[in-house]
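Chemist: predicted model, plus sequence, below.
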Amino acid sequence: MKKITKQTYLKWYEDMLFWRKFEDKLASVYIQQKVRGFLHLYNGQEAVLAGSLHAMEIGKDRMITAYRNHVQPIGLGVDPRRVMAELYGKAEGTSMGLGGSMHIFSKEHHFHGGHGIVGGQIPLGAGMAFGDKYFKRDNVTLCYMGDGAVRQGSLHETLNLAMLWKLPVVFVVENNGYAMGTSVARTANHQEIWKLGLGYEMPCEPVDGMNPETVAKAMDKAITHARKGNGPSFLEMKTYRYRGHSMSDAQHYRTKDEVEEYKKIDPITQVKDIILDKKYATQKQLDAIDQGVKERVAECEKFAENAPYPEINVMYDAVYEQDDYPFLKHKL
């Protein structure tokens with residue numbers, strides 16, 4: 001495993017803070033109706049991504065996830081300005097402004113979405129891993145899902161085949177406690193999701209998803225296992241989201257006290273405390289990082305605001321293959 005050093009913690013702090021502020025800005029412009037449609041924010045779950053990025057081989061390993069997918073491509077190297085432009089529906093976006101919040105992709109950076117169908121990415125993740133094994137590529141696919149998606153039948157079909165064929169994939173459940181507004185306790189007679197892997201004799205374990213170091217260690221173990229040809233693992237990252245399921249969520253299913261209690265173990269605060277305790281940086285140096293993050297987010301917003309919308313013919317070309325499609329009333 002790559003060493004976890006002073007530089008690791010400083011990078012974690014800057015990255016997670018940027019992701020948090022990037023998402024906060026999206027929430028702000030959503031209220032202004034500059035971003036429309038659905039908007040699912042990642043606030044509180046940043047340690048899962050930070051730890052995973054440390055363990056994986058960026059530029060080689062693949063990542064696929066659900067619709068809470070804005071900051072993952074940024075972590076893999078996608079220009080955050082283009083991610084924000086995508087949410088604005090602008091032509092400079094990662095999907096030319098045609099995908100929006102739930103459909104961000106970057107084949108170049110091995111980020112394969114962004115999927116709006118609950119659990120839809122699970123068999124796709126296994127399929128990519130199958131392709132890598134078939135062509136003898138030394139890649140591992142990280143396939144993320146929420147706690148609600150584990151109730152989909154496709155998960156169990158996928159776990160069975162992944163074990164049968166020893167596919168190089170790591171299945172990661174980001175258990176933030178609620179599938180939309182439904183708690184884990186109301187969806188099954190057990191609350192230890194990681195134990196589902198036992199039924200397939202798949203390596204599985206629970207992980208503290210609020211701490212990037214524990215995530216990095218668990219992910220490194222699972223990725224190494226897969227890369228050696230030993231097959232998949234199933235990890236349950238126990239995390240929490242500070243915002244609602246989406247921006248339209250009134251959050252009647254939980255109390256403000258519950259949210260505040262989880263904020264006491266905010267992953268960004270945990271990393272910051274370790275940095276200060278171990279004297280990796282001074283508060284003044286962290287303040288400089290904070291200012292830099294603020295400026296980068298502002299740059300992303302400015303880029304998205306000024307970017308052009310896609311030409312109308314681009315939107316039609318993305319939907320219709322046939323140039324003279326007979327049912328089109330609008331003439332391009």
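Modeler: Nice, thanks for sending it over. Note that the structure is predicted; figures quoted are calculated from it, not measured.

Chemist: what's the average pLDDT for the helix or strand where A288 lies?
Modeler: Using DSSP states H and E, the element containing A288 is helix 283-306. What helix 283-306 shows for mean pLDDT is 98.

Chemist: list the contacts of that helix.
Modeler: 10, 13-14, 17-18, 21-22, 25, 29, 34, 80-81, 83-85, 87-88, 90, 92, 272, 275-276, 281 (CB atoms under 8 Å, 6 or more residues apart in numbering). Just so you know, the C-beta spots here come from the backbone N, C-alpha and C atoms, and that holds for glycine as well.

Chemist: in helices, which of those fall?
Modeler: 10, 13-14, 17-18, 21-22, 25, 29, 80-81, 83-85, 87, 272, 275-276 (DSSP state H).

Chemist: from those residues, list the buried ones, please.
Modeler: 10, 13-14, 17-18, 21-22, 25, 29, 80-81, 83-85, 87, 272, 275 (16 or more other CB atoms under 10 Å).

Chemist: any stretches of the stretch 201-332 of the chain with poor pLDDT?
Modeler: Residues of the stretch 201-332 of the chain that meet the criterion pLDDT under 70 lie in 328-332.

Chemist: can you give me the strands in the stretch 1-150 of the chain?
Modeler: Assigned by DSSP state E, counting those that start in this stretch, the strands in the stretch 1-150 of the chain fall at 62-64, 141-146.

Chemist: name the strands paired with the longest one and say parallel or antiparallel.
Modeler: Strand 141-146 has the following strand partners under DSSP bridges: strand 62-64 (parallel), strand 169-175 (parallel).

Chemist: got TSV for the ones you listed, with mean neighbour count and mean pLDDT too?
Modeler: Converted to TSV, these look like this (neighbours: other CB atoms under 10 Å; pLDDT from 0 to 100):
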stretch	mean neighbour count	mean pLDDT
strand 62-64	27	98
strand 169-175	28	98
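
Chemist: can you list those in CSV and add distance to E192?
Modeler: Shown next, in CSV, are these (distance: least, CB to CB, whole Å):
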stretch, distance to E192
strand 62-64, 24
strand 169-175, 10
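
Chemist: measure V35 to W19 for me?
Modeler: Here the criterion is CB to CB, to the nearest Å. By it, V35 lies 16 Å from W19.

Chemist: no wait, I122
Modeler: 24 Å.

Chemist: E205 too?
Modeler: In terms of CB to CB, E205 sits 25 Å off from W19.

Chemist: what's the burial count for the nearest residue to L17 once chain neighbours are set aside?
Modeler: Leaving aside its chain neighbours, L17 sits nearest to V293 (5.1 Å; criterion: CB to CB, 6 or more residues apart in numbering). The tally of other residues near V293 (other CB atoms under 10 Å) stands at 20.

Chemist: and the gap between V293 and D15?
Modeler: 9 Å.

Chemist: what of R254?
Modeler: R254 is 27 Å from D15, by CB to CB.

Chemist: with I289 instead?
Modeler: With distances taken as CB to CB, I289 is found 10 Å from D15.

Chemist: compare those two (neighbour count), which wins?
Modeler: D15 (21 against 17).

Chemist: not counting sequence-adjacent ones, nearest residue to the more buried one?
Modeler: A50 (5.9 Å).

Chemist: what's near enough to touch that neighbour?
Modeler: Contacts of A50 by CB under 8 Å, 6+ apart are 12, 15-16, 75, 212, 215-216, 267.

Chemist: repeat that with 7 Å
Modeler: Counting by CB atoms under 7 Å, 6 or more residues apart in numbering, A50 touches 12, 15-16, 212.

Chemist: farthest pair within the residues you listed?
Modeler: D15 and P212 (9.3 Å; CB to CB).

Chemist: ok so, going back, neighbour-wise, which of E205 and W19 wins?
Modeler: Neighbours per residue (other CB under 10 Å) separate E205 from W19, with W19 holding more: 25 against 14.

Chemist: the closest residue to that one other than its chain neighbours and L49, how far apart?
Modeler: Distances taken as CB to CB, 6+ apart put V71 closest to W19, at 4.0 Å, once the chain neighbours are dropped. Distance from V71 to L49, counting by CB to CB: 6 Å.

Chemist: helices of the stretch 201-332 of the chain, residue ranges please.
Modeler: 212-227, 256-263, 267-277, 283-306, 312-319 (DSSP state H, counting those that start in this stretch).

Chemist: hey, which of these is tucked in deepest?
Modeler: Ranked by mean neighbour count under mean count of other CB atoms under 10 Å, the helices of the stretch 201-332 of the chain are led by helix 212-227, which reaches a mean of 21.

Chemist: now that helix, how far from the centre of its chain.
Modeler: 16 Å (CA atoms, centre = their mean, to the nearest Å).

Chemist: distance between the ends of stretch 183-198?
Modeler: 22 Å (CA to CA, to the nearest Å).

Chemist: er, stretch 274-289 actually
Modeler: 16 Å.

Chemist: that stretch: how far from the chain's middle?
Modeler: Centre-to-centre, stretch 274-289 and its host chain are 27 Å apart (CA atoms, centre = their mean).
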